[in-house]
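S.K.: This is a predicted model, with the sequence first.
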Amino acid sequence: MSREITITALKYNPSDENSTPTFAEYKLEETPGMTLYIALTKIKTSIDHDLTSDFVCRAGICGACGMVINGKPKLACKTLTSEFESGKIELLPLPTFELIKDLSVDTGSWMNKMSIRVNSWIVSNEKVDISKIEQPIEPEVAEEVFELDRCIECGLCVASCSTAIMKKDFVGAIGLNRIARFSIDPHDQRTDEDFYEIIGDDEGIFGCMSLLACEDHCPKNLPLQSKIAYMRRKMVGVK
Ligand code: SF4
Ligand code: FES
């Protein structure tokens, strides 16, 4: 049996000086298997053409549709409206990131700054010879690296982290996960001392308060806390 659901969403355009933050309420018929992506598309096409939110893949791959859904950071395309028994759903944009409009935030600039800050690339003195096959690594090491590479840059771990909300330069679980990924990869020649130079401070590994919210909200179930603990042990050992 279908039911009517009520979706409340923040409406605010910070680049319009006449705009003030308000909540808009939308009532719609729930359909079987309805996700927040489907519900928002219905609202945008038939109730409020002005409501702004981001989507690309609809399949939990692009990381674009993160928002706060009844108080928790989640992907709208992977969240069923039926999860909410009351039929009342409140939507807010992700905190920490710059608000573009309504439910749309700029995760890209944050991710770019973090990537540059942690040097998120392989660092090696080896000359790359593309005529040769890539230097092989042990399968279990490759698996561990691929596991950490599954991050989709959705920003949910950042939005759920108290340190990231308080300290704008904190690299977040995603940044620390990147460092762990490169420290495991034998293609990268950086030493623990080199990594310490990047994350050995309160905006890095020592800023994490181990509240676990990053891992609780990661839609890809990345082992964020164990990798943060792994890097912290390594960094504490650097003289
Ligand atoms: S670590 Fe998880 S929550 Fe954080 S950006 Fe990557 S996929 Fe999203
Ligand atoms: S639309 Fe791509 S992750 Fe949701």
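M.R.: Perfect, thanks for sending it. Ligands and ions are numbered 1, 2, ... in the order given.
S.K.: what sits against Met209?
M.R.: Ser162, Thr163 (C-beta atoms under 8 Å, 6 or more residues apart in numbering). Where you see a C-beta, it was placed from the backbone N, CA and C, and this is true even at glycine.
S.K.: Try it again at 6 Å.
M.R.: Met209 makes contacts with Thr163, as judged by C-beta atoms under 6 Å, 6 or more residues apart in numbering.
S.K.: Please determine how far it is located from ligand 2.
M.R.: 28 Å (C-beta to the nearest ligand atom, to the nearest Å).
S.K.: Can we start the residue count at 33 from this point?
M.R.: Shifting the count to begin at 33 puts that one at Met241.
S.K.: May I have the phi/psi pair for the closest residue in space to Asp217 that isn't next to it in sequence?
M.R.: Of all residues not flanking Asp217 in the chain, Val177 sits nearest, at 5.1 Å (C-beta to C-beta, 6 or more residues apart in numbering). Val177 adopts backbone torsions of phi -70, psi -50, taken as degrees, to the nearest 10.
S.K.: so which strand or helix has Glu225?
M.R.: helix 224-231 (DSSP states H and E).
S.K.: For that helix, which helices and strands make contact with it?
M.R.: helix 204-216 (3 or more C-beta pairs under 6 Å, 6 or more residues apart in numbering; DSSP states H and E).
S.K.: Could you rerun that using 10 Å?
M.R.: Under the contact criterion of 3 or more C-beta pairs under 10 Å, 6 or more residues apart in numbering; DSSP states H and E, helix 224-231 touches helix 204-216, helix 256-268.
S.K.: tell me the most buried of those helices?
M.R.: helix 204-216 (a mean of 24; mean count of other C-beta atoms under 10 Å).
S.K.: mind exporting it as PDB, just the C-alpha atoms?
M.R.: What follows is helix 204-216, C-alpha atoms only, in PDB (Å, rounded to 0.1, in the frame of the first residue of the first chain):
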ATOM      1  CA  GLY A 204      40.000  14.300   7.400                       C
ATOM      2  CA  ALA A 205      39.700  10.600   7.400                       C
ATOM      3  CA  ILE A 206      39.800  10.700   3.600                       C
ATOM      4  CA  GLY A 207      43.100  12.500   3.600                       C
ATOM      5  CA  LEU A 208      44.600  10.100   6.200                       C
ATOM      6  CA  ASN A 209      43.200   7.200   4.200                       C
ATOM      7  CA  ARG A 210      45.100   8.500   1.100                       C
ATOM      8  CA  ILE A 211      48.400   8.700   3.100                       C
ATOM      9  CA  ALA A 212      47.800   5.100   4.300                       C
ATOM     10  CA  ARG A 213      47.200   4.000   0.700                       C
ATOM     11  CA  PHE A 214      50.500   5.500  -0.500                       C
ATOM     12  CA  SER A 215      52.500   4.300   2.500                       C
ATOM     13  CA  ILE A 216      51.300   0.700   1.700                       C
END
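S.K.: Go ahead and report the secondary structure state at Lys106.
M.R.: strand (DSSP: H, G, I helix; E, B strand; the rest coil).
S.K.: residues from this structure in reach of ligand 2?
M.R.: Phe87, Val88, Cys89, Arg90, Gly92, Ile93, Cys94, Gly95, Ala96, Cys97, Leu107, Cys109 (C-beta under 6 Å from any ligand atom).
S.K.: ok, now which ones touch the fifth one?
M.R.: Gly92 sits next to Leu107, Cys109, Lys110, Ile184, Cys186, Pro251, Lys252 when contact means C-beta atoms under 10 Å, 6 or more residues apart in numbering.
S.K.: Quick one: buried ones out of those residues?
M.R.: Leu107, Cys109, Ile184, Cys186, Pro251, Lys252 (16 or more other C-beta atoms under 10 Å).
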